[in-house]
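**Q** Build me a model from this:
(2 chains)
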2 protein chains.
Amino acid sequence: MSQEKSFHMTPDEFRRCGHAVIDWIADYQSRVESFPVLSPAKPGEVRASLPEHPPGQGEPFAALMKDVENLILPGVTHWQSPNFFAYFPCNASGPAILGDLVCSGLGVQGMLWSTSPACTELETHVLDWLVGMLGLPEKFLSSSTGGGVIQDTASSAVLCALLAARERSTNYLSNEKGCDGRIVAYASTQTHSSLQKASMIAGIGGSNLRLIEVDKNFAMRPEALAGQIAADKRAGLTPSLVCATVGTTSSNAMDPIGEIAQVCREHNLWLHVDAAMSGSAMLCPEFRHFQKGVEFADSYNFNPHKWMFTNFDCSCFWVAERRALLQTLSILPEYLKNRATESGSVIDYRDWHIQLGRRFRSLKLWFVIRHYGVEGLQHHIREHVRLAQQFAEWVRSDESFELAAPVPLNLVCFRHKDGDQVNQSIMDGLNRSGDLFLTHTRLGGELTLRVCVGQTHTREQHVEKAWQRIRQEAQRLAVV
Amino acid sequence: MSQEKSFHMTPDEFRRCGHAVIDWIADYQSRVESFPVLSPAKPGEVRASLPEHPPGQGEPFAALMKDVENLILPGVTHWQSPNFFAYFPCNASGPAILGDLVCSGLGVQGMLWSTSPACTELETHVLDWLVGMLGLPEKFLSSSTGGGVIQDTASSAVLCALLAARERSTNYLSNEKGCDGRIVAYASTQTHSSLQKASMIAGIGGSNLRLIEVDKNFAMRPEALAGQIAADKRAGLTPSLVCATVGTTSSNAMDPIGEIAQVCREHNLWLHVDAAMSGSAMLCPEFRHFQKGVEFADSYNFNPHKWMFTNFDCSCFWVAERRALLQTLSILPEYLKNRATESGSVIDYRDWHIQLGRRFRSLKLWFVIRHYGVEGLQHHIREHVRLAQQFAEWVRSDESFELAAPVPLNLVCFRHKDGDQVNQSIMDGLNRSGDLFLTHTRLGGELTLRVCVGQTHTREQHVEKAWQRIRQEAQRLAVV
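**A** Numbering: from 1, shown residues only, chains lettered A, B, ... in the order given. Purely as a prediction, here's the structure:
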């Protein structure tokens, strides 16, 4: 038997190759600042370096790692560089990488409680921990009427919220009969585009997502929301969900959750709170005023993979009434039936999201929380906020630049006073230089630069250098 | 600056802790057969072992790994045990684990081409490789009108196919106006439950998914499909998609794709081919007759994370007309605009699936293909099929047992002739013993045992032992 032919890696080969990969990553971490942050690769360049056909025979592991170094790395945009200030961050950290490695090694598929009880129970446990850590209402606890689940992304989370809202508002009939073109959802003009995508996916229709106007701080105007809902009701439509955002993607605007919640309660609408980015700040009690009113939310979402040092993908989603979610997404074919499920005493997370299969994602989240402790997480969040506020102060005191929006936390929206083209040129020049990477948005029609201070390893020196380089680039343009 | 307080792992700490995790996984691989395959944990047992509150201060890494060993492992069902014969497998392998580790280490978020060109281009490249490796039509190549993308699961893939079909059949108006309750999709009674879930999610409605009857081999009857479509058209409904399966979950039935495709072409319906499990067999030319007619498919899906030794999640999805998919799922807010996207010369994979964010999943797939080579992959697939056929032969020649369905590849559906209760007892007894793990389905109303030979490390000795233990358990029951 033992001489059966095998192409598999033996445990000893795995040990040897695995050490080499770990060493490669440790080295990558040490030299990440030496690479241009935004990859300078041209379209098609990476592909052109790859062989046209797959190998007939297996190759030695060292050849793979050599190609990662020589062919892949030049095509990587370095999200793990401390000079990454673009979009929102997508953090990794040592404990998260290793927690994810344990997940890969165990290779568990946790669709049902019984397919690995630890996968389900650790997830429930850590999400219950986070309810307290973020100051969320007790109704989100698994011991109450609600509960939490790890989704891949906030896009999937808001889709699940929208589906549950759709069903609740139609007495759970849309699932059976399909949508009727009369279901309506609400968000602000600044809400993340994923809700528009979700409205299309859910059969509600993009035109039935009402984008409510915002105030001068880019926050939703509750009275405009109330007016739109009333108009829709008069038109015989079926309002279902309102999405309020704690920290919009464009400018980190904070929707007034409490007032929005009041409107929702009047009309019995599902209130989803999207705190994908800024939820991590709620680890610090002094920032929780930004989510005042969250006790009225029907669902809540934040992404540890953004700003809580946990590798992508890890998006935490809570509901106040798990029954609504389960009634929306539950399916039980014969081949998945088992005694534990039938007993009703366990959670089967397949009923909490779009997918059936699932990884053991709570391991990395657990590793992060235990490695840092609440104290360590708070420290780094506060430090990022402090650095962003300092950056905002520099912008304020420079007469060539201006802030374009309030800076509640760690995102600074600003612009050079000389208009769109100068701002575009500053951004393009800096990104091409490789020294840092920042992106833009439009606020009040004007091109606006965004600097988000949130990458795991971003420290004072990186933020200082970023501001220096921005001013330098502006001066260089002024001379030319 | 260097004395700034930090709770992060340094590269050197990462190296040390990382080696320890690699060693732990190598050891796990060596001793995986020593654990009961199905976890014997009782509901709540794992949670009860965890502290009620998160740690205020960080903990040493060794404490985390100690808890993985002592608290988590007893709650794990060992999908990576060679004695795992349940459901369909969810394979891991050395190169896949390490490819995924590189992915975690780089921490790239590949939503756009520009956010890491290598992430997009390697994915396109490997999916083009697989078109040839699986004998799929050239229209699926990125150089043609189509293209491939890695999704998380087959559930998401079929949802995307259904959405694209929904839009194509309604002139891309459902996205805008919402569904109207008149869109219809088709599958067999044996099609995976994810299509039912997708119909609910997509606003089509569960009752608008027609489950077409099957023949004695549990394959869809094309004439029944044609009849139903005609009836629906007469009723003024809008037929949109047909899902044909290469290897159903319940019994590995093979829908006649060619004949179904003909019906689809007559009525201009989208044909999705779900080969989630059995697609891996198409690596071997001698099995490709099972997907005869695939050249007429509008989309195709298979899961390397099932039977191609690639860690979950990795589900490959191709479309013949990428325009239809893009027109369905594309959204472009200001903050994601960039020069590469505007040039039209690159793929932005965020428009190819539900989520916005995405990992660098092609790394693990690339590692697997290069480590094994086409030859190595074919060898192990053929070996699994050979072992399943051998098992089927043993069932056939045992007078207490019977086969319950044809055995085209590596899934054996069989039962003890003494009826449901005996089969249930055999299964429960074996699963409780920890020696192996198998699950059930119902075929023709009768409880049927399923043995799927597909776990990465399953070899002849494990299949022999499984059959021995099954007979033993049956004999033990007969005596009692």
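**Q** Now chain A against chain B: closest residue?
**A** Closest residue of chain A to chain B, CB to the nearest CB: A:Gly203 (1.5 Å). C-beta coordinates here come from the backbone N, C-alpha and C atoms, glycine included.
**Q** which residues sit in contact with that residue?
**A** The contact partners of A:Gly203, taken as CB atoms under 8 Å, 6 or more residues apart in numbering or on different chains, are A:Ser174, A:Gly178, A:Cys179, B:Arg166, B:Ser174, B:Gly178, B:Cys179, B:Ala202, B:Gly203, B:Ile204.
**Q** Take these and keep only those in strands.
**A** In strands, judged by DSSP state E, none of the contacts of A:Gly203 are found.
**Q** Tell me the confidence at the residue of chain A closest to chain B?
**A** Reported pLDDT at A:Gly203 in the predicted model: 98.
**Q** Can you tell me the SS state at A:Leu211?
**A** Here A:Leu211 is recorded as strand under DSSP: H, G, I helix; E, B strand; the rest coil.
**Q** quick one on the thing from earlier: okay, the residue of chain A closest to chain B and B:Ala297: tell me how far apart.
**A** Separation of A:Gly203 from B:Ala297 (CB to CB, to the nearest Å) stands at 24 Å.
**Q** and A:Pro406, how many neighbours does it have?
**A** A:Pro406 sits with 17 neighbouring residues when counted by other CB atoms under 10 Å in any protein chain shown.
**Q** doesn't it fall inside a helix?
**A** No - counting by three-state DSSP, one finds A:Pro406 to be coil, located in no helix.
**Q** Can you tell me which helix or strand of chain A has the lowest average pLDDT?
**A** When each helix and strand of chain A is scored by mean pLDDT, DSSP states H and E, helix A:339-343 comes last, with a mean of 79.
**Q** Quick check: A:Thr441 is in a strand.
**A** Yes - applying three-state DSSP, one finds A:Thr441 inside a strand.
**Q** quick one: pLDDT of it?
**A** As predicted, A:Thr441 sits at a pLDDT of 96.
**Q** excluding its backbone neighbours, what's nearest the residue of chain A closest to chain B?
**A** Leaving aside its chain neighbours, A:Gly203 sits nearest to B:Gly203 (1.5 Å; criterion: CB to CB, 6 or more residues apart in numbering or on different chains).
**Q** for the one you found, phi and psi?
**A** Main-chain torsions, B:Gly203, degrees, to the nearest 10: phi 80, psi 10.
**Q** likewise the one 10 residues further on?
**A** Backbone torsions of B:Glu213, given as degrees, to the nearest 10, read phi -70, psi 160.
**Q** Could you pull up the residues touching it?
**A** Applying CB under 8 Å, 6+ apart, we find B:Glu213 in contact with B:Ser188, B:Thr189, B:Met220, B:Arg221, B:Ala224.
**Q** Find me the pLDDT at it, would you?
**A** What the model reports for B:Glu213 is a pLDDT of 98.
**Q** Same check on A:Val273?
**A** Looking at A:Val273, its pLDDT reads 98.
**Q** That one reaches A:Tyr300, doesn't it?
**A** Yes - at 4.6 Å, A:Val273 and A:Tyr300 qualify as touching, with contact defined as CB atoms under 8 Å.
**Q** Many thanks, have a good one.
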